[in-house]
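1. Quick one: sequence plus predicted model below, questions after.
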2 protein chains.
Amino acid sequence: MHHQHKDPRAAILDAAESLFASQGFEATTIKQVGGAGRVNSALLYYYFKSKEGLYHAVLTRMVETLLTTGQEHFEVAASPEDAVRQAVAAFATFLLHHPRAPNLFAREMLDHEAKHAADLLPRVASGIFERLSEAIRQGQMEKAFRSDLDPRFAAISTIAQVVYFAIARPAVGVLLGHGTTGPPPEVTREFGRHAADFALAALARPRERAPMLPLESVP
Amino acid sequence: MHHQHKDPRAAILDAAESLFASQGFEATTIKQVGGAGRVNSALLYYYFKSKEGLYHAVLTRMVETLLTTGQEHFEVAASPEDAVRQAVAAFATFLLHHPRAPNLFAREMLDHEAKHAADLLPRVASGIFERLSEAIRQGQMEKAFRSDLDPRFAAISTIAQVVYFAIARPAVGVLLGHGTTGPPPEVTREFGRHAADFALAALARPRERAPMLPLESVP
DNA sequence: GTCTATAGGTGGATAGAC
DNA sequence: GTCTATCCACCTATAGAC
């Protein structure tokens, strides 16, 4: 999975990302980072100001990747329905390559109330959530979606499913009968499809319109 | 908010619950617990085996409360639709009284892969998730819900919304324009209603049936 | 049951050789 | 740029007086 690094800086970043995500910031020691990255642990202070500085660098790099992935998916969306599917797919793709990413972000919310991500959150908000909300609003205007749901709330509900599934892996695993190690990859992919279906089913107009019929014909 | 305690054990539990939830297990020190509970910090080792033992006691007490709340709500559910609303309401009620609870559980998943909650998760699974899944399955059999969604996945999607909203408060706050302190209580309640609506909209049968009509009359 | 004092161990960070 | 050695702060846990 992980290839050898010539660049010590990248090696440190990779090791730190993995450790912070799996153990948390406080529980991860400088020496663990050095060990995992096969780099002298004192070297960390040459490339980064402090343990916190390293942490911030890890968060920043990950957000950039997420934004790029989101960008690529939204670009190919042809309709509001498609945009919803693409938004879910963007997260699913991102999670496939960075399985621990939700852990890292979730921790940042929990441990530091997003203090270190204060400059990053608005970029995620405008880069992904706002675009999804906008697509939903668009679908409502085009009468493709029901209009009694708040577009921003609906966007949160959509993304929440897949992010929760990733964060609460142990709990979800127990619920689905796979134990605390969490569900196998196949089930995870299956849930990704389900999440898009669930969101689109919620957004769908409740009853079939009778298109093209004059109003008088409706009882 | 917090009343004075005569019972040092309860004082320690309350202080630890609050601190573990807001800072995490590793970042919380014994002396902070003692300080917040107005109890000598060495006393902790008289009532609990260790810092880990205290942590486990906090988790256990919280799960019991959640299960009781869930129980009470499910008991009054008269229909599958009602059960879905009651499940969301159970979590909403619980979160109202224990705003930091999701943080605590989320941390346990993230920091320790639910190691300390291994004995608690099955109880939550069977006490709440299974009952919600069962209600959804029931609704599908009664033709009240669409039948192309996996009941267990649908249960996860339903709960995911409200739990995600609680965990990702800072991110959700930024998205909705309230800053990293998170949305005000009113918006939180509003989202609770939305979550139930969203889930029921997703579960609803896609088109209106023509009830009681003989089959031949359908074109 | 409650408190003081402290042992024993570890972690972040730096100084300075190479 | 990289490594060794180490300082200092702080944390968990216990011993033992009261």
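-> Thanks, I have it.

2. going forward, measure contacts and count neighbours with C-alpha atoms only.
-> Will do.

3. OK, now which residue of chain A is nearest to DNA strand D?
-> In chain A, the residue that lies nearest DNA strand D is A:Asn40 (3.9 Å; CA to the nearest atom of the strand).

4. That residue: what's it in contact with?
-> Residues in contact with A:Asn40 (CA atoms under 8 Å, 6 or more residues apart in numbering or on different chains) are A:Gly34.

5. Surely A:Asp119 is within a helix?
-> No. A:Asp119: not assigned to a helix; according to DSSP: H, G, I helix; E, B strand; the rest coil it is coil.

6. Next, count neighbours for the nearest residue to A:Gln138 once chain neighbours are set aside.
-> Nearest residue to A:Gln138, sequence neighbours excluded (CA to CA, 6 or more residues apart in numbering or on different chains): A:Pro80, at 6.6 Å. For A:Pro80, the neighbour count with other CA atoms under 10 Å in any protein chain shown is 22.

7. close enough to count as contact, A:Pro80 and A:Ser133?
-> No. The pair A:Pro80 / A:Ser133 is not scored as a contact, 9.9 Å apart, by CA atoms under 8 Å.

8. Show me what the biggest helix by length in chain A is packed up against.
-> Longest among the helix segments of chain A by residue count, using DSSP state H, is helix A:51-75. On a contact count with 3 or more CA pairs under 8 Å, 6 or more residues apart in numbering or on different chains; DSSP states H and E, helix A:51-75 meets helix A:8-23, helix A:80-97, helix A:101-112.

9. and those as TSV, adding distance to B:His112 and mean pLDDT?
-> TSV is the format used below for these (distance: least, CA to CA, whole Å; pLDDT from 0 to 100):
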stretch	distance to B:His112	mean pLDDT
helix A:8-23	7	95
helix A:80-97	20	91
helix A:101-112	12	87
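
10. Out of these, indicate the one that is most buried.
-> The highest mean neighbour count among those, using mean count of other CA atoms under 10 Å in any protein chain shown, belongs to helix A:101-112: a mean of 23.

11. and that one, anywhere near chain B?
-> Yes. Against chain B, helix A:101-112 shows contacts by CA under 8 Å from any CA of the partner chain at A:Asn103, A:Ala106, A:Arg107, A:Met109, A:Leu110, A:Asp111, A:His112.

12. Show residues contacting that helix.
-> A:20-22, A:24, A:59, A:62, A:95, A:114-117, A:163, A:166-167, B:22-24, B:103, B:107, B:110, B:167-171.

13. Name the residues that touch the helix or strand that comes right after it?
-> Once helix A:101-112 ends, the next helix or strand along the chain (criterion: DSSP states H and E) is helix A:121-124. Residues outside helix A:121-124 that contact it (CA under 8 Å, 6+ apart): A:Val63, A:Leu67, B:Ala171, B:Val174, B:Leu175.

14. Report the mean per-residue pLDDT for helix A:121-124.
-> Across helix A:121-124, the average pLDDT comes to 90.

15. could you dump that helix to CSV, C-alpha only?
-> The C-alpha atoms that make up helix A:121-124 are tabulated as CSV, following Å, rounded to 0.1, in the frame of the first residue of the first chain:
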residue,chain,number,x,y,z
LEU,A,121,-14.4,24.5,6.9
PRO,A,122,-15.7,27.5,4.8
ARG,A,123,-13.9,26.1,1.8
VAL,A,124,-15.6,22.7,2.3
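
16. Let me know the next secondary structure element after it.
-> Following helix A:121-124 toward the C-terminus (DSSP H and E): helix A:130-141.

17. and that following helix, how far out from the chain's middle?
-> Centroid displacement of helix A:130-141 relative to its chain, using CA atoms, centre = their mean, to the nearest Å, is 19 Å.

18. between that helix and helix A:51-75, how big is the angle?
-> Interaxial angle, helix A:130-141 versus helix A:51-75 (axes from the mean of the first three to the mean of the last three CA atoms, to 10 degrees): 30 degrees.

19. Can you name the next helix or strand after helix A:130-141?
-> Using DSSP H and E, the next helix or strand after helix A:130-141 towards the C-terminus is helix A:151-167.

20. what does that following helix contact?
-> Applying CA under 8 Å, 6+ apart, the contact partners of helix A:151-167 are A:87-88, A:91-92, A:99, A:102-103, A:106, A:129-130, A:132-134, A:136-137, A:172, A:191-192, A:195-196, A:199, B:106, B:109-110, B:156-157, B:160-161, B:163-165, B:172, B:176, B:191, B:194-195, B:198.

21. quick one on the thing from earlier: looking at the residues of helix A:101-112 next to chain B, which is nearest chain B?
-> Nearest to chain B out of these is A:Asp111 (CA to the nearest CA; 5.3 Å).

22. and DNA strand C, which of the contacts of helix A:151-167 contact it?
-> By CA under 7 Å from any atom of the strand, no member of those lies near DNA strand C.
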